[in-house]
Structure formats: C-alpha cells, structure tokens
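Q: Need a 3D model of the following:
(2 chains)
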Amino acid sequence: MTETNMNEAVLAEQEVLLTDDLFTKDDTAYADADKMTRPSLTYWSDAWRRFKENKLAMVSSVILLIIIAMAIVQPMVSRYEYDEQDLFATNQGPSMEHLFGTDQLGRDIFTRCWSGARVSLLIGVVVAVLNGTVGILYGGIAGYFGGVADNLMMRLCELIGAIPSMLWMILLVLIMKPGVLPIIVAIGATGWIGMARLFRGQVLTLRETEFVMASRTMGAGSIWIIVKHLLPNAMSPIIISMANAIPGAIFSESFLSYIGLGLPLPLASWGTLASDGANQLLIFPYQLLFPALLICITMLCFNLMGDGLRDALDPRMRK
Amino acid sequence: MLRYTVKRFLSMLLTLFLATTATFFLMHAIPGEPFEISRETPESVKEAMYAKYGLDKPLFEQYLIYMKNLLHGDFGSSMKFKGQTVVGEVVKGMPPSAIIGFFGVLIGCLIGSVLGVLAALKNKGAVDYIVIVLAIIGVSVPSFVFASLIQRVFAVDLRWFPVQGWKTLACWVLPIAAASFNNIAHYARMLRTSMLDTMGQDYIATAKSKGLSQSEVVVHHMFRNSFLPLVTSLGPMCAGVLTGNFVLEKIFNIPGIGQAMILAIQNLDYTMIMGLNIIFSSIAIICYFITDIVYGLVDPRIRITK
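A: As a prediction, this is how the structure comes out:
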C-alpha cells in the first residue's frame, strides 16, 4: 500500500466521525468581526490628539491666545491712546494709573505695548505666511519640474543666500523707507529661501514614491499630483517651519528697530519699545523690562508650541 | 578634491561679483538726494558736488568706475565726514569686533560642546534638562535684552566691570559674555541632537558589541561623527566674527565695525553703507567658501554629491 492511499483511508474515516451536526454556527462572534471598537482617526485628528497630550505646548498656545486677544482688545478699550502724550506725567514708574509706567513723553507704556503687539504679531504672521506661500510655489516648481529650471532656480537661491540676511534687510529698508510694509518685505525677502529648499527636498523624494507613480499611470496631471499628493504629504514640515518663522520675524523687526531702521514715530512695535527702553535702561529700567518681558514670553511660547507641533505632526522627528 | 575646490572657487568669484553688483544698483535705487541740499543751495554748488562724487555721469559708467576702484582696494569714502574711508573704518574697527567675536565663538563652542555631549550621554539627566532650558532661553531672549540685563546687574548695580567703552581689559568681559551666551545655547543644542543621532547608528552598536568600553566608543566612534555639523556652522559664525556684532557694539559702546555700520545708517551715509555692505558680504561669501572646502575635506560624501 502506498502512502497516499493510506492518507485517503484516514481522511475517509475522519469524514465519518466528523459529521455536520456536530457543529453549530456562532452568530455572535461572526457579527462583530468587522466592527471598529475605536473611531477611525484622520492624520489631523491624530496629530491634534498628540498635541493635546503635550502640556507645555498647550499652555503656550493658551498664553499666545491671551496675548493675541489682549493685542486686539486692549487698544480699543484703553483710557489712553498709544500716541497720547502727557508731559506732566513723564517717566513714571508702574502704578495703578499706568500699569507699566509712562515713557519720556508721558505715553502709557501698557497701551503702547499692546498696540505694539498688534504690529509685531502682524509682521510675524504675514512674514510667515508670505515665506510659506512663496517657498511652496518656488520650491514646488523647482522640485517637480527638475532639470535646467531646478538648477537655475536653486542657483538663484544660493546667490541670495550668500549675502547675510541682515545686510539684505538693511539695504531693502533703506530703499523703501521704514514702515510696516517695507519691514515685512525686507524680512520676507530672504526668509522664503529656507522654505523653498525644504519643500523642494520634500517634492524630490515624494515624486518618486509609488503612490505618485500609481496616480500618474491613472492619467493624473501635474496640478492634480501637486495639489492632491505632494502638498498634503509635505505639509507638516512646512507648518513647523512656518511656526518657527513667526518668532524669527519678530526678532528681526526688533533688531531693525534697535539699529535705527524701525517703524517711524509715533508708531509702536515691540522692537521700537524695547529699543527706546534700552536707551533709558540705566535710569528707568522698567521701560525696557515690560516690552522685553513680552517679547521673551511670546518667543518662548512660539518656540514651545513649535516643538509641540513638530512632535505632533511628525512623530518620527521627536527628540 | 582639486576639481571640487576649483569649481567652488569659481562660483565664489561669480557670487562676489553679483553681490557687489546687486548692492551697487540697490543703493542707487534709494530715492532722494544724496546730499542735504536746501532750497538756498545755488545750482552751481550742487553741480560741483555731483561732479566731485561722479554722480553726474550715467549710472552704468559710475558702476564701471566703482568696480574698477574696488579692484584697486578703494571701497569709497564717506559723504558726511571728511577723510573717512570705508577701508580706514574697517581697519580701525576690526580689532575690537574680532576680539569679541573670536572669544564669543571660542567660549561658546567649548562650553556648548561639553554641555551638549554631557546632555546626550546622560539623556534625561540633570545636564540634559539644563541644556534644553538653556537652548530655549537662547532662542527666546533677544541678545540686546540679555546684554542690557548683564550690563545693568554686573556694571551698574554690582560695579564689577565698566559700563561701556573699550579702554581696559575689564571692558572685554561683559561683551564677550553676552556674545558667548547665544553661542553656548546654539552649540549645546546642536551637539546634543547630533550626538543622539549618532548614538542610534549601526556602527555604534557594532562598536559596542565588539566589546569596546563606553569611553572608547564615545571618543573614537561618536565624537568624529557628531562634530561634523559643527564644521558647517563655523562658516556663518566666522563671518559673524568679522562683521562684528551690531547690537552688542551699540550697547557697550565699542568702536567696532558694527558700530561704524550703525553710525553710517543713522547718518544716511550712503557711500559708507554701500562700502561696508560690500565688505561684509564679501567676508561672508569667503567664509562660506572656506567652510565648504573644509567640509569637503572632512566629509568626502559632500565632494561626490556636488
């Protein structure tokens, strides 16, 4: 007798032993097999969940919201105008009348700080958005189309980046005369390069992935691929570096103010306030203290929030 | 390596040329009169002043003359102060700026590296938290705030050091301390990250499994690789050393080149701003070039990819 024959004999014997009526169907187990026990999470809700767990980042975001709210509301309800002078109450220390004291022209520093916050935050946010937009467009075109265009465009970036950004800012503000818009343009003039490089790098790697190839074989055009596949996938590093660009821009603005290229009087920004205060430091230190404190707290919160965003959006980058 | 160096050198020359050209035309795009000319100034005086500075010629011809002067080492002279030249100001201002910058980078680099390495080796230890906090403070506090603070505390209240000036050695302490502070934070953060990165590499696991002691692994396998990013950041740092620190020089009233630039800006001394700008960007471009070459020497991967 061969081996197969023997197996068949065993199987036949088993078939007799295991008849269908020995089994019953368990409907309860079967019905639940496909059921999701947890709600399905999109990328963004997952990121939000991670962000909420980061206490430092949450506290920073709340403080930032309070600062933004104060910047919007305080100048509207304040008893003083930001440029209102009171020559009988100059250089007064902090009191109930003037929470942060008054400057050498008797202007209320508390009011000036919050209207300065409007300008500084505006500069920060506009520069970040501008950098992000220009960077995405420029880097996207260079990375996606590649070849000669890419080469030339990246050479231009290198060229602009070869001159220190501080010198660009000085030159551009001199040409356009100090004001809010010129300062935004001057700070943004070099800021987009980093963003363009970042996005180009992302596009270069993503372009070669399987899902882009799959999309292309199904007949997708360039715009569809850029908008539907490249942008969403490259979004998290872009958002992270935009969040870091805001404090950077506020820093640059205060640097420009400090070397005498800030906003024209009597406009106030945190930079001009801190630089006015620094001139009075040896006699009236509180005039530097409050604007400087505000700048530091805002920077700290933006940085901590940026770190939280990085950890939440890109868990691989967590350090 | 030679090919790479020659290629980088040529591209540096091109960048230098384009940077000077851009600066020249941008400066001439500034609207308004270069001189303070009131309504009473006679037309003949105005013309004479324009002729003296060559401003009556067409723009392109001015550009050619300016470039020729640059090649002869003449970066122009002040329009506001007689006898003040760009080169003279740079020669005069360079020593204090370089001293602050050099010691700032040196001290920052040393203390920062040590802190960063210790933080990475004892991850989640006390030093690690100090470095994290220091790094966040370093990026959150503007340098003029920090400098003003130590000036107030150590010079005004405690009277340990002079408030301003550059006459005695004691004057050096506060500006150098202020310059090092940011560098310490910067280098500590950088080395901590790069050490942690290196620790995760396979060759470290190999070294450990060979039975090498912890100190041997750290010294022979980790240091070399972790210090690579330091080389790249030294370029911008050196450029910063030579172009001076605007803010610190203003706060401590140091006669450096940063101060010269601020004065030129405040006086709207266009020829000075242009000359200083060109010198500053040239220094930066040359420093970047040297960094690239050094980087190519230490990390052969760079030469192949570029």
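
Q: if I look at B:Ser113, how far off is chain A?
A: Note on B:Ser113: its distance to chain A, by Cβ to the nearest Cβ, to the nearest Å, is 18 Å. Heads up, the C-betas are built off the backbone N, CA and C, glycines and all.

Q: Contacts only, for A:Ala214.
A: By Cβ atoms under 8 Å, 6 or more residues apart in numbering or on different chains, A:Ala214 lies in contact with nothing.

Q: Now do the same for it: its pLDDT.
A: We have a pLDDT of 90 for A:Ala214.

Q: buried sites along the helix or strand harbouring it?
A: Here A:Ala214 sits within helix A:210-217, counting by DSSP states H and E. Across helix A:210-217, burial judged by 16 or more other Cβ atoms under 10 Å in any protein chain shown covers A:Val212, A:Ser215.

Q: what's the next secondary structure element after it?
A: Using DSSP H and E, the helix or strand that follows helix A:210-217 in sequence is helix A:222-224.

Q: which residues sit against that next one?
A: For helix A:222-224, contacts defined as Cβ under 8 Å, 6+ apart pick out A:Tyr144, A:Ser215.

Q: mind listing what's buried in it?
A: Buried residues in helix A:222-224 (16+ other Cβ under 10 Å): none.

Q: And it, how far out from the chain middle?
A: Distance of helix A:222-224 from its chain centroid, counting by Cα atoms, centre = their mean, to the nearest Å, is 25 Å.

Q: for stretch B:235-252, same thing?
A: The chain centroid and the centroid of stretch B:235-252 are separated by 5 Å, computed with Cα atoms, centre = their mean.

Q: try stretch B:273-280
A: With Cα atoms, centre = their mean, you get 14 Å for stretch B:273-280.

Q: OK, contacts around residue 125?
A: With no chain named, the answer covers chain A. A:Val125 sits next to A:Ile246 when contact means Cβ under 8 Å, 6+ apart.

Q: not what I meant, chain B
A: The neighbours of B:Gly125, taking Cβ under 8 Å, 6+ apart as the test, are B:Ala119.

Q: now swap in the one 3 residues further on and tell me
A: Listed by Cβ under 8 Å, 6+ apart, the contact partners of B:Asp128 are B:Ala119, B:Ala120, B:Lys122, B:Arg192.

Q: Can you give me the buried ones in the helix or strand harbouring it?
A: Taking DSSP H and E as the definition, one finds B:Asp128 inside helix B:126-140. Residues of helix B:126-140 classed as buried: B:Val127, B:Asp128, B:Val131, B:Ile132, B:Leu134, B:Ala135, B:Ile136, B:Ile137, B:Gly138, B:Val139, B:Ser140 (neighbour count, 16+ other Cβ under 10 Å).

Q: What separation do you get for B:Gln259 and chain A?
A: From B:Gln259 to chain A the distance is 10 Å (Cβ to the nearest Cβ).

Q: re the thing from before, would you list the contacts of B:Asp128 in JSON lines and tack on neighbour count?
A: JSON lines is the format used below for these (neighbours: other Cβ atoms under 10 Å in any protein chain shown):
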{"residue": "B:Ala119", "neighbour count": "27"}
{"residue": "B:Ala120", "neighbour count": "25"}
{"residue": "B:Lys122", "neighbour count": "11"}
{"residue": "B:Arg192", "neighbour count": "27"}
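
Q: and B:Leu230, how many residues sit next to it?
A: Number of residues near B:Leu230 (other Cβ atoms under 10 Å in any protein chain shown) recorded here: 17.

Q: Can you check the pLDDT for it?
A: pLDDT, B:Leu230: 80.

Q: cool, and the one 3 residues further on?
A: Confidence at B:Ser233, expressed as pLDDT, is 77.

Q: which residues sit in contact with the closest residue to it other than its chain neighbours?
A: Nearest non-adjacent residue to B:Ser233, counting by Cβ to Cβ, 6 or more residues apart in numbering or on different chains: B:Met190, 6.7 Å away. By Cβ under 8 Å, 6+ apart, B:Met190 lies in contact with B:Gly112, B:Gly116, B:Pro229, B:Leu230, B:Ser233.

Q: Select from these every entry located in helices.
A: Using DSSP state H, the members of the contacts of B:Met190 that fall in helices are B:Gly112, B:Gly116, B:Pro229, B:Leu230, B:Ser233.

Q: Following element in sequence after the lengthiest helix in chain A, please.
A: As assigned by DSSP H, the longest helix anywhere in chain A is helix A:109-145. Downstream of helix A:109-145, the next assigned helix or strand under DSSP H and E is helix A:147-162.

Q: So which bits of stretch A:47-66 are buried?
A: Buried residues in stretch A:47-66, counting neighbours by 16+ other Cβ under 10 Å, are found at A:Ala47, A:Arg50, A:Phe51, A:Asn54, A:Ala57, A:Ser60, A:Ser61, A:Ile63, A:Leu64.

Q: Give me every residue in the stretch 101-250 of chain B that's in contact range of chain A.
A: Within the stretch 101-250 of chain B, the positions near chain A by Cβ under 8 Å from any Cβ of the partner chain are B:136-137, B:139-142, B:144-145, B:148, B:151-152, B:156, B:163, B:193, B:196, B:236, B:239, B:243, B:246-247, B:250.

Q: where does chain B dip in pLDDT?
A: Scanning chain B for pLDDT under 70 picks out B:32-41, B:242-244, B:302-306.

Q: Need the nearest residue in space to the residue nearest to the spatial centre of it, chain neighbours excluded.
A: Computing the C-alpha centroid of chain B and ranking residues by Cα atoms, centre = their mean puts B:Gly240 first, at 0.9 Å. Spatial nearest neighbour of B:Gly240, chain neighbours left out: B:Gly101 (6.1 Å); criterion: Cβ to Cβ, 6+ apart.

Q: check which helix or strand covers that neighbour.
A: Using DSSP H and E, B:Gly101 falls in helix B:86-121.

Q: Show me which residues of chain A are close to chain B?
A: A:158-159, A:162-164, A:166-167, A:170-172, A:174-175, A:177, A:247, A:251, A:254-255, A:258-261, A:274-275, A:278, A:281-282, A:285, A:288, A:292, A:295-296, A:299-300, A:303-304, A:319.

Q: give me the residue from the stretch 101-250 of chain A nearest chain B.
A: A:Ile163 (4.3 Å; Cβ to the nearest Cβ).

Q: Who are the contact partners of that residue?
A: Taking Cβ under 8 Å, 6+ apart as the test, what A:Ile163 contacts is B:Ala19, B:Ala22, B:Thr23, B:Ser281, B:Ala284, B:Ile285.
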